[in-house]
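1. What shape does this take:
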Amino acid sequence: MTLPAISAVAFCPHPPLLLPGIAAGAEIETESLRFACDQAVGRLIETRPSQVVIIGADGPPVSLRSFAPGLADPDQRKLPLSLLVGEWLLSRQPQRPPSTYLPIGPDGETITPWLDLAAPTALLVMGDGSARRSVKSPGYLDERAQPFDDAVVDALAHPVRGALANLDLTLAAELLVAGAAAWVATAKLVGVDWRAEVLYADAPYGVMYVVATWLPA
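-> Residues are numbered from 1 along each chain as shown. As a prediction, the model looks like this:
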C-alpha cells in the first residue's frame, strides 16, 4: 500500500465549546481558541492538498445536536467527537478539498487502514491535552498534568526532535489526555522535517488546548 504524500499538518483540540451554538455564555473565552483553529486549518488548505484526512480518537458516534438540541445541523452526521469537531472546523473554510476520517485507538494505532492513495494529503489532527490541570478540571488536579502538557507543546513546536512519537500513553490515560494517541500515530507517520508554529496553548477550563501547524520546511 502506498501511503499518502503528506503536504501539511494542523493540530487542533476538539471541545464542543468550539461551536458557537454550544458556547453560549462563553463566547469571549472561546473566541481566541476558535480563531487559532480557523487559522491553522486555513494554513492547511493553503497548501492545496487533494484531500484532508481528519485524525482523532475513536469513540461512540455523536452529533452536533447531542450537545445543543437546537443547533442547526443540516448534515446530522454522527461521528466520534474528535472527528465531528474536525469536520466542523473544516466546513468553516470557504474552499475545501474532500475529507476522510482516520480514527485512532488508545494504543496509538489506526482503527481503519490508510487509503491506498499517493495524492497530496493534509492531516487535521484533533486532540485535547490533560483534563486534570486544576481543581475545577473534569478530572480534578494532578500535579503531573502541567509538565506533560508542557512537553507536548514543546514537541509540537520542535518536531525535529521526534518527541511526540514517544509520548507515554499510559501516563496520558491517567491524565485524561484525549489527544495523545492521535498525536503519537501522526508523529510516527509523518516524520520530523517540518516548520512548526504553536498558535495557541492554554487551559481556560482546566483542560489543555493546543493549536499548532507543521508546514513544509
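
2. Report the secondary structure state of residue 204.
-> coil (DSSP: H, G, I helix; E, B strand; the rest coil).

3. ok, the closest residue to it other than its chain neighbours to residue 137 distance?
-> Once flanking residues are discounted, residue 204 sits nearest to residue 29: 5.4 Å by CB to CB, 6 or more residues apart in numbering. Any C-beta I mention is one placed from the backbone N, CA and C, and that applies to glycine too. Residue 29 sits 15 Å away from residue 137, going by CB to CB, to the nearest Å.

4. do residue 160 as well
-> Residue 160 sits 32 Å away from residue 137, going by CB to CB.

5. immediately after the host helix or strand of the residue nearest to residue 204, which helix or strand?
-> Using DSSP states H and E, the element containing residue 29 is helix 27-46. Going down the chain from helix 27-46, the next helix or strand is strand 51-57, by DSSP H and E.

6. which helices and strands does that next one pack with?
-> helix 81-91, strand 99-104, strand 120-126, helix 180-190 (3 or more CB pairs under 8 Å, 6 or more residues apart in numbering; DSSP states H and E).

7. Out of those, which is closest to residue 204?
-> Among these, helix 81-91 comes nearest to residue 204, with 16.4 Å by CB to CB.

8. residues in contact with that closest one?
-> Around helix 81-91, the neighbours that count as contacts under CB atoms under 8 Å, 6 or more residues apart in numbering are 12, 14-16, 18-19, 37-38, 41, 52, 54-57, 59, 62-64, 77-79, 96, 99, 101, 103, 124, 126-127, 178-179, 182.

9. Fine, thanks again, bye for now.
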